[in-house]
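Colleague: Whatever this is, show me its structure:
(3 chains, ligands or ions: 3)
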Amino acid sequence: MRERRLSPNLIIGAVLVALVCGVALLSVVWTPHPYAVIDVGGKFAPASAEHWLGTDQLGRDLVSQLMVAAGNSMMVALLAVGVGCVLGTAFGLLAAARGGWTEEAIMRVSDLGFAFPALLFAIMLAAAYGPSLSVVVVAIAFINIPIFARVSRAAANQVWHREYVYAARAAGMGRFAISRDHILPNIAAPVIVQATIEFAVSILTEAALSYLGLGAQPPAPSWGRMLSEAQTLMYLAPQLAIWPGLCIFTAVLGFGLLGDGLRDMTDPRLIRERRA
Amino acid sequence: MSYFIARRLAGFLLTLWAVSVVVFAVMNVLPGDPALTILGIDSTEEARAALRARLGLDQPVVLRYLDWVAGALRGDFGTSFSFGVPVSGLIGERLPLTFSLALSGMVVTVILALVLGITAAARHGRPGDWGIMLLSQMGIAIPAFWLSMLLVLLFAVRLRWLPPGGFPGWGDPIAALRSLVLPTAALALVQSAVLARVTRSAALEVMRLDFVRTARASGFGSRHVLWRHVLPNALVPIVTIVGLQFAGLVTGTIVIENVFYLPGLGRLLFQSIANRDLITVQALVMLFATLVVTANFLVDIAYVIIDPRLRGARG
Amino acid sequence: MIEVEGLSITSAAGPILRDVRLHVAAGERLGVVGESGSGKTLLAMSLMGMVPDGLHVTGSIRIDGAEMGGADEAAWRRLRARRVAMIFQEPMSALNPLRRVGDTVAEPLIRHLGLSPRAARDKALALFEETGILGPERRLSQYPHQLSGGQRQRVLIALALACDPELLIADEPTTALDANVALRITRLLVRLARERRMGLLFISHDLAAVSRTTERLMVMYGGDVVETGATAEVLRAPAHPYTVGLLAARPSLAAHGKRRLPTIPGSVPPPQELPRGCRFSGRCGQEIARCADERPQPVATAPGSWAACHLLRARAKGAGA
Ligand SMILES: Nc1ncnc2c1ncn2[C@@H]1O[C@H](COP(=O)(O)OP(=O)(O)OP(=O)(O)O)[C@@H](O)[C@H]1O
Ligand code: SF4
Ligand SMILES: [Mg+2]
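Modeller: Ligands and ions are numbered 1, 2, ... in the order given. From the prediction side, this is the model:
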């Protein structure tokens, strides 16, 4: 029997992720105030029953902005990592199934992906096509393809050497059908772990790009952009520089811990170590 | 050994070539008319045609690519559209600052990560280990630019010990170094978080090996065993991550320069984007990607230097 | 000179070494045999002060008159290599793969004896010659992966000898080597012990190796010493049922291929499942009622020899009555 104790990492991570996702979902139907309503008279309001965390330099409610920003951030991560994961895993499965020059070619091309950090790739795209959240999504998705291709190919190559796969091949099952029915379910664990970790990376990347002005454009709220606006007001309203950063930190920490926890739970090597 | 290095070198050059194609394609072919991007949609057709002629955009794409590569190999990246001076001159001016920041960030990162990682491994399973791992978990989750802002809030706004940003130039070395302290700290704290974990787990792996027992049986203290026997053997995974992190260091430098208003290459990149100066952006992106690829190549070479077993085996 | 009295090691699961007593004088060669899991390595580690964390050690270990029972790490560190040195079973992995073997041997010379690098190199060369390493000059600058198993084991011996220890512990030094190489290594160990007047604690599975290497022998089972005496005597006339079984299980040349080798049925149970009384009960075949619960006391079988088995006491009494 495999020992599957829930680690503290996993529990804390899951709680934080649930919190962030819950807030993001809630923001779709409800925020304490409309996030974009400007009230110059009520700018820099301190925290109160009316505005839980106060208001910003245009009198907009901070909590509402943070909530909607959470939704945007999750959406970007979901789209980017989703696309990168699906395409990358497909390439990885193909590489493992075909082997030979197909595998070689796919792996060489994905090596190329590692020459471009996501941020640099996004900067390049934003320079050529103008800054927007869609550019961010495309850039992160692109950079994720080789990452998932590698992970899934390595895992798939191991599964291809299992006995039940040999049995399926002997029974005349095709490579595509084997990939779908036998390989994919068995590489799900490492792919999901990787996706969770990439989710964290994606949140960080989006925040950095929006901070630099290449991501979310006004008036769409974004943690990163809120921070860049707060930076010019640091002497005036330092509290504005705290909350968005704390949100990014919480979300990234949550997905990071969840990913680590899932990996510890599913990695057979670690299980052996823990029991020894 | 030379065969191994020759193969890596070939792969390195091939990757650089492919990177140049991608950069050129993204910046020149896909977006449609660069003249439109540069001059904006309000521009007249004559102005755009004139610009196209001036930039050589009326030439076939392949010729333009070859021109660009040939120029780049000679160190000529063309003339900046917005500054009106050669891009290479702009880069040369700003390189020292970026280089200093990246180098100091790297050095502090490695020292911090090795000390924390080895210390955690030595206290495996005890409170010290837990504490260091918790710190590193937090360091991984903190965005570098937010950490920078927090550092500025504390050390510049509150305590007024250090400048909040800007760069006084190298004329006053003390002031110059002072203005690099916070950027370096922000860069290194974030980067070392990942590296410390890798160092710890690599060290733990090595500590289980028999020769560590031999070293202890030889009467060496645990510190000597850790730093002189365990660490060198843990270096292969550590160097791998340092190589991978180089990408993070490059992008980190770009971001940090913008947070602290440091006039380096990262700042230049953003000014050029704001000015729609595609020629400069293209040169800078190529430069940064080249740095990342080169770092990965050097890591491959470093393996051979670290591990004598690779020297003979791969012939 | 090392004297051990009442040495016990306990883990959370129960005792894994009970009341071990031994002594090795200068130039003396003591063998330790026993199946896997009988506690031989743990005994060796406790003589180096290197028992793994989480195990509790009690009893007296006197090294050159100094009491080391309960000594701290710093005190042990001063003894290691200088007084007591150890070589391990796996010559493949027991050397730092990133270091030239000459540097590995020179390291304790520089750090412990304060030799200059040049003097340390000369001493390392002399040690390589003493341990019969072929082409010693050239070997100094080679890496472990360039050496054969036998050569590596010699390097480990040279390393262990570097600071002229009074006791050398060899934990199954020949198990990983083929028979011919093993023979030469045991001869080397005997020669070194004689020439240097150095004590040797030789741990092995291999009764043939023990018989040609040691003068006295200690048989261990389940963390207990069950029999001890002159090596030749114990092997010729074993008194303890376990020793008898061990000898019967020995592949002899005459028997080879002609009949099935008798073996002791089963294997050593894990510490928490060992019986409280005689550790061998359950596998013994001759056991009597009290074996499982009452620990047998040592009974002298010859001058300087004893075995711990209830049958012997009963026999001795029977003879006396
Ligand atoms: N760190 C430890 N914690 C708990 N039990 C241990 C530990 N190390 C060893 N043991 C137990 O102590 C017993 C003796 O182990 P030891 O390695 O000394 O046997 P050995 O005689 O050297 O066997 P082998 O011939 O296989 O080397 C074993 O049953 C083992 O399970
Ligand atoms: S004491 Fe009993 S069980 Fe132990 S060896 Fe003697 S007869 Fe066998
Ligand atoms: Mg052993």
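Colleague: Please enumerate the strands of the stretch 101-250 of chain C.
Modeller: Counting by DSSP state E, counting those that start in this stretch, residue ranges of the strands within the stretch 101-250 of chain C are C:167-171, C:199-204, C:216-221, C:224-230.
Colleague: Buried ones in the first one, by neighbour count?
Modeller: Put plainly, it is strand C:167-171. For strand C:167-171, burial by neighbour count (16 or more other Cβ atoms under 10 Å in any protein chain shown) applies to C:Leu167, C:Leu168, C:Ile169, C:Ala170, C:Asp171. Any C-beta I mention is one placed from the backbone N, CA and C, and that applies to glycine too.
Colleague: Does that strand reach chain B?
Modeller: No. Using Cβ under 8 Å from any Cβ of the partner chain, we find that strand C:167-171 stays clear of chain B, coming within 8.8 Å at best.
Colleague: coming back round to it: mind picking the two most distant members of the buried residues of strand C:167-171?
Modeller: The most widely separated members of the buried residues of strand C:167-171, counting by Cβ to Cβ, are C:Leu167 and C:Asp171 (12.9 Å).
Colleague: can you tell me which residues contact residue 26?
Modeller: No chain specified, so I'll use chain A. A:Met67 (Cβ atoms under 8 Å, 6 or more residues apart in numbering or on different chains).
Colleague: Chain C is the one I meant
Modeller: C:Met1, C:Glu166, C:Arg197, C:Met198, C:Gly199.
Colleague: part of a helix, is it?
Modeller: No. C:Ala26 is assigned coil when assessed by DSSP: H, G, I helix; E, B strand; the rest coil, not a helix.
Colleague: any idea of the pLDDT on it?
Modeller: C:Ala26 is assigned 91 on the pLDDT scale.
Colleague: so how far is chain B from it?
Modeller: Note on C:Ala26: its distance to chain B, by Cβ to the nearest Cβ, to the nearest Å, is 20 Å.
Colleague: Can you give me the neighbour number for C:Ser267?
Modeller: 11 (other Cβ atoms under 10 Å in any protein chain shown).
Colleague: Just checking stretch B:11-21 against chain A, any contact.
Modeller: Yes. Remark: stretch B:11-21 sits within contact range of chain A at B:Thr15, B:Ala18, B:Val19, by Cβ under 8 Å from any Cβ.
Colleague: re earlier: okay if I get the strands of the stretch 101-250 of chain C as CSV plus mean pLDDT and distance to ligand 2?
Modeller: Formatted as CSV, the strands of the stretch 101-250 of chain C follow (pLDDT from 0 to 100; distance: least, Cβ to the nearest ligand atom, whole Å):
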stretch, mean pLDDT, distance to ligand 2
strand C:167-171, 95, 26
strand C:199-204, 95, 22
strand C:216-221, 95, 9
strand C:224-230, 95, 7
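Colleague: Any idea which of the ones you listed gets closest to C:Pro136?
Modeller: Distance to C:Pro136, taken as Cβ to Cβ, is lowest for strand C:167-171 among the strands of the stretch 101-250 of chain C, at 19.9 Å.
Colleague: which residues touch the residue positioned nearest the centre of chain C?
Modeller: Nearest to the geometric centre of chain C sits C:Ile203, at 2.6 Å (Cα atoms, centre = their mean). Contact partners of C:Ile203, counting by Cβ under 8 Å, 6+ apart, are C:Gly31, C:Val32, C:Val33, C:Lys40, C:Thr41, C:Leu43, C:Ala44, C:Ile169, C:Ala170, C:Asp171, C:Glu172.
Colleague: Mind doing that once more with 6 Å?
Modeller: Contacts of C:Ile203 were listed using Cβ atoms under 6 Å, 6 or more residues apart in numbering or on different chains, and they are C:Val32, C:Lys40, C:Asp171, C:Glu172.
Colleague: just the residues you listed now: which is nearest C:Val225?
Modeller: Nearest to C:Val225 out of the contacts of C:Ile203 is C:Val32 (Cβ to Cβ; 8.7 Å).
Colleague: which SS state does that closest one fall under?
Modeller: The three-state assignment at C:Val32 reads strand, by three-state DSSP.
Colleague: Quick check, it in contact with C:Met218.
Modeller: Yes. At 4.9 Å, C:Val32 counts as touching C:Met218 under the criterion of Cβ atoms under 6 Å.
Colleague: Please report how far the residue lying closest to C:Arg290 once chain neighbours are set aside lies from C:Ile264.
Modeller: Nearest residue to C:Arg290, sequence neighbours excluded (Cβ to Cβ, 6 or more residues apart in numbering or on different chains): C:His310, at 6.1 Å. Distance of C:His310 to C:Ile264, computed by Cβ to Cβ, to the nearest Å: 18 Å.
Colleague: Next one: the one helix or strand A:Arg108 maps to, is it in contact with chain B?
Modeller: A:Arg108 belongs to helix A:100-113 when elements are defined using DSSP states H and E. Yes. For helix A:100-113, a contact with chain B is found by Cβ under 6 Å from any Cβ of the partner chain, at A:Leu112.
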